[in-house]
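**Student:** Only the shape, not the letters, is given here:
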Ligand SMILES: O=C[C@H](O)[C@H](O)[C@H](O)COP(=O)(O)O
């Protein structure tokens, strides 16, 4: 069984939580794409749901799958967001943003009554940080923002290289929101909740990939089967 099979299994389990009439947040990434595709099959079979996509890529996938879409300007709350993660720790805190969608993902997840994270077992970690932490920034004053981010790392006892994410043709990667991303190769994040707070206070930081206190449930698919972990 390869990793894509595991991702699809996790997505299928999350789909069991979806009922007609639900307003859904549709995540971004390869695991969330399995959920969107499986949801599309159910929609074509008569399931009546509406979704808010967390990226332009997911919008295109959802439209291709025939899922009705709306925005958070049209509806105020979502019943459930289903999304992937780059890392999930034992407290269900997350690193997200490996695909650059963290800002819209966090806005949508925060507007949802529940967030189910779907992942293959490789995403489950004891301590966040081995995956580089994405930090979404604006280009203006970037050197000052980088210095402030590095100071925040020091304050939580973390350290590592901060790298501007490359896009196409040698330009910086640009998010759906028109911002840039710096990835922090920290290795370990000793106090993720405190780092999240410190990063959020930096003027040039638009958002960061630490999702603290947001995920309700994680569905992990592994070679031994599927495990569901609820936030304590
Ligand atoms: O920006 C991308 C999102 O945060 C994804 O949910 C995350 O990177 C996980 O993606 P994948 O399911 O492809 O590992």
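**Tutor:** Noted; the coordinates are in hand. Small disclaimer: the values here were computed from a predicted structure and weren't measured.
**Student:** CA only for contacts and neighbour counts going forward, please
**Tutor:** Noted.
**Student:** tell me which parts of the chain are close to the ligand?
**Tutor:** 28-32, 83-86, 96-102 (C-alpha under 6 Å from any ligand atom).
**Student:** These in helices, which ones?
**Tutor:** Mapping the residues of the chain next to the ligand onto helices (DSSP state H) picks out 30, 31, 32, 102.
**Student:** Dump these into JSON lines; add neighbour count as well.
**Tutor:** JSON lines is the format used below for these (neighbours: other C-alpha atoms under 10 Å):
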{"residue": "30", "neighbour count": "16"}
{"residue": "31", "neighbour count": "26"}
{"residue": "32", "neighbour count": "24"}
{"residue": "102", "neighbour count": "28"}
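**Student:** who's in contact with the helix or strand encompassing residue 51?
**Tutor:** Assessed by DSSP states H and E, residue 51 sits inside strand 50-53. With contacts defined as C-alpha atoms under 8 Å, 6 or more residues apart in numbering, strand 50-53 is touched by 21-28, 59, 62, 67-72, 108.
**Student:** out of those, which are buried?
**Tutor:** The neighbour count (16 or more other C-alpha atoms under 10 Å) marks 22, 23, 24, 25, 26, 27, 28, 59, 62, 67, 69, 108 as buried among the contacts of strand 50-53.
**Student:** contacts for stretch 83-90?
**Tutor:** Contact with stretch 83-90 is made by 26-32, 94-98, 115-119, 123-128, 131, as judged by C-alpha under 8 Å, 6+ apart.
**Student:** follow-up on the earlier one: switch the ones in helices among the residues of the chain next to the ligand over to TSV; also include pLDDT and distance to residue 46.
**Tutor:** Converted to TSV, those look like this (pLDDT from 0 to 100; distance: C-alpha to C-alpha, whole Å):
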residue	pLDDT	distance to residue 46
30	98	25
31	98	23
32	98	21
102	98	31
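**Student:** related to what we said a few turns ago, tell me which of the buried ones among the contacts of strand 50-53 fall in strands.
**Tutor:** 23, 24, 25, 26 (DSSP state E).
**Student:** Any stretches of this protein with poor pLDDT?
**Tutor:** Scanning the chain for pLDDT under 70 picks out no residues.
**Student:** Quick check: phi and psi at the residue sitting nearest the centre point of it.
**Tutor:** Geometric centre of the chain, nearest residue: residue 96, 4.0 Å, by C-alpha atoms, centre = their mean. Residue 96 adopts backbone torsions of phi -130, psi 170, taken as degrees, to the nearest 10.
**Student:** Let me see the contact set for it.
**Tutor:** Residue 96 touches 84, 85, 86, 87, 102, 133, 134, 209, 210, 211, counting by C-alpha under 8 Å, 6+ apart.
**Student:** wouldn't residue 189 be in contact with residue 129 here?
**Tutor:** Yes - with contact defined as C-alpha atoms under 8 Å, residue 189 and residue 129 form a contacting pair (5.1 Å).
**Student:** If you count surrounding residues, which of those two has more?
**Tutor:** Higher neighbour count among residue 189 and residue 129: residue 129, with 23 against 20, using other C-alpha atoms under 10 Å.
**Student:** burial of the residue lying closest to residue 44 once chain neighbours are set aside, as a residue count?
**Tutor:** Closest residue to residue 44 apart from its sequence neighbours, by C-alpha to C-alpha, 6 or more residues apart in numbering: residue 66 at 7.2 Å. Neighbourhood size, residue 66 [other C-alpha under 10 Å]: 16.
**Student:** contact partners of the helix or strand where residue 219 lies?
**Tutor:** Assigned by DSSP H and E, residue 219 falls within strand 217-222. Strand 217-222 has contacts (C-alpha under 8 Å, 6+ apart) with 6-7, 9-10, 13-14, 92, 115-121, 124, 226-231.
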